[in-house]
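Enquirer: Take this sequence and fold it.
(one chain, ligands or ions: 2)
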Amino acid sequence: MDTQYMQKKSLSAYAPASIGNVSLGFDLLGAALKPIDGSLLGDEVEVCQADSFSLQIKGRFADKLPADPASNIVTQCYHHYLSCLANKGIASDSLPAVAMTLHKHLPIGSGLGSSASSIVAAFHVLNQFYTALVGKKLFDDNELLLMMGELEGQISGSVHYDNVAPCFMGGLTLMAEHGAQVALPLPIFKHWYWVSCYSGISVSTAAARAILPKQVPMGTTIQFGRQLAVFIDALYRQDEKLAAAMMTDVVAEPYRKSLLPFFDESREFAIQNGALAFGISGSGPSVFAVCDSLEQAKVINQWLAENYIQNDTGFSHICQLDQQGAVVY
Ligand SMILES: Nc1ncnc2c1ncn2[C@@H]1O[C@H](COP(=O)(O)OP(=O)(O)OP(=O)(O)O)[C@@H](O)[C@H]1O
Ligand SMILES: N[C@@H](CCO)C(=O)O
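Expert: Ligands and ions are numbered 1, 2, ... in the order given. Sure thing, here's the model as predicted:
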């Protein structure tokens, strides 16, 4: 058995917050976030061996989740993980159960990939725990990502990987969804700062998807394809001006911004104060601004904290991309 587990008798995983879409890649691009001041911006899930399954929910946003642990996505991750093990010929009754604890640090319906963070932490720690117990690797990263996407799809109504993939892998990821290859890591601009501001209100991902038109006009489709292709090329050539110029959302933002008070004013302030790009984080209400200077990021962070935040629940952080992704400790 894994020595780390033997020493501690429990394992924990941390999975960072993420920006879905990154404006220009609806459902196809995602970025993991790490506040530069070292604060925690992601959920943690802990497991230890037990006679029967249980889930305890703690943390700042625990009381915003359904009181019944059975409706928590972490419980569903556990059952899904066991049924995938059964498909591999490992019966659940041949294994010990676990007591799980979710430390819910991310607000729900925030646009920070809150459910994705719980899902990624849960699958990652379960896989490490049972791998240590059984003594052989049970699922590889792509198999885990497929499970994570399926569970995320149960919440939002359709499978999309743009939160779970960056959250698990770290950095900036492009969805491939081809055969076993779910997502691809992309080059990044290491000196960019990503100001991420959560307003404090909740926007359901399913509702924010429901307001989008079911079809996209030809001109918009061509612009979407051009922007995404040019952006990826610019990343590989490290042409940051061209990359930043592609970071606009022609698919979702025109419809979703009506759900976000002070969105236009915030964009105007950010761009006038040097932001390279500004957009909705995932399905909102969080927004993000990209800056190539820490001084500009500080000015924008402070303005958003004073003007975009609507109540005591909101917060704003200057981040860089979390290149590590989910970790087990
Ligand atoms: N561990 C969990 N974390 C977050 N949401 C959960 C969890 N367990 C169950 N839920 C439920 O899943 C739904 C999450 O909704 P939604 O997808 O809008 O939020 P989100 O994942 O927090 O959004 P976002 O990706 O924008 O941060 C809520 O109804 C919430 O009660
Ligand atoms: N791509 C998803 C992300 C949700 O956080 C959406 O925009 O609906």
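
Enquirer: domain ranges for the protein?
Expert: When the chain is parsed with automatic domain parsing, its domains come out as 3-185, 193-321.

Enquirer: what about the ones you listed, which gets the closest to Tyr329?
Expert: domain 3-185 (5.7 Å; CB to CB). The C-beta positions use only the backbone N, C-alpha and C, and glycine is treated the same way.

Enquirer: helices or strands up against the helix or strand hosting Gln154?
Expert: Using DSSP states H and E, Gln154 falls within helix 141-156. In this structure, helix 141-156 packs against helix 73-87, helix 114-134, helix 164-169, strand 181-186, helix 205-210, with contacts taken as 3 or more CB pairs under 8 Å, 6 or more residues apart in numbering; DSSP states H and E.

Enquirer: Give the residue spans of this structure that score low on pLDDT.
Expert: Applying pLDDT under 70 to the chain flags residues 1-8.

Enquirer: If we go by neighbour counts, what in the helix or strand harbouring Gly225 is buried?
Expert: Assessed by DSSP H and E, Gly225 sits inside helix 218-237. Burial within helix 218-237, assessed by neighbour count using 16 or more other CB atoms under 10 Å, is assigned to Gln223, Phe224, Gln227, Leu228, Val230, Phe231, Ile232, Ala234, Leu235.

Enquirer: Equivalent analysis for stretch 319-329, please.
Expert: Using 16+ other CB under 10 Å as the test for burial, stretch 319-329 gives Cys319, Gln320, Leu321, Asp322, Gly325, Ala326, Val327, Val328.

Enquirer: from what I can see the last one touches Leu11, true?
Expert: Yes. Applying CB atoms under 8 Å, one finds Val328 in contact with Leu11, separated by 5.9 Å.

Enquirer: shared neighbours, those two?
Expert: Taking CB atoms under 8 Å, 6 or more residues apart in numbering as the criterion, Val328 and Leu11 both touch Val125, Gln128.

Enquirer: Run a quick neighbour tally on Glu240.
Expert: Using other CB atoms under 10 Å, the number of residues around Glu240 comes to 16.

Enquirer: just the one 4 residues further on next, same as before
Expert: By the other CB under 10 Å criterion, the neighbourhood of Ala244 contains 18 residues.

Enquirer: quick one: contacts for it?
Expert: The contact partners of Ala244, taken as CB under 8 Å, 6+ apart, are Leu276, Ala277, Val290.

Enquirer: Which positions in the stretch 51-200 of the chain make contact with ligand 2?
Expert: Residues of the stretch 51-200 of the chain lying close to ligand 2 (CB under 6 Å from any ligand atom) are Gly111, Gly113, His160, Asp162, Asn163.

Enquirer: isn't the first one right up against Pro285?
Expert: Read it as Gly111. Yes. Applying CB under 8 Å, one finds Gly111 in contact with Pro285, separated by 5.9 Å.

Enquirer: Distance of whichever residue of the chain sits closest to ligand 2 relative to Gly274?
Expert: As assessed by CB to the nearest ligand atom, ligand 2 sits closest to Gly282 within the chain, at 2.7 Å. From Gly282 across to Gly274, the span is 24 Å (CB to CB, to the nearest Å).

Enquirer: Then Ala86?
Expert: Where Gly274 is concerned, Ala86 sits at a distance of 54 Å (CB to CB).

Enquirer: Let me see the contact set for the closest residue to Leu144 other than its chain neighbours.
Expert: Distances taken as CB to CB, 6 or more residues apart in numbering put Phe123 closest to Leu144, at 5.3 Å, once the chain neighbours are dropped. Phe123 sits next to Cys77, Tyr81, Leu144, Met147, Met148, Leu151 when contact means CB under 8 Å, 6+ apart.

Enquirer: Who are the contact partners of the residue nearest to the second one when sequence neighbours are not counted?
Expert: By that I understand Tyr81. Counting by CB to CB, 6+ apart, Leu126 is the residue found nearest to Tyr81 once chain neighbours are left out, at 4.9 Å. Contacts for Leu126 (CB under 8 Å, 6+ apart) come out as Val47, Cys77, Tyr78, Tyr81, Val98.

Enquirer: could you dump those to JSON lines with distance to Ala206 and neighbour count?
Expert: Listed next are the contacts of Leu126 as JSON lines, based on distance: CB to CB, whole Å; neighbours: other CB atoms under 10 Å:
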{"residue": "Val47", "distance to Ala206": "29", "neighbour count": "23"}
{"residue": "Cys77", "distance to Ala206": "19", "neighbour count": "26"}
{"residue": "Tyr78", "distance to Ala206": "23", "neighbour count": "22"}
{"residue": "Tyr81", "distance to Ala206": "24", "neighbour count": "23"}
{"residue": "Val98", "distance to Ala206": "29", "neighbour count": "23"}
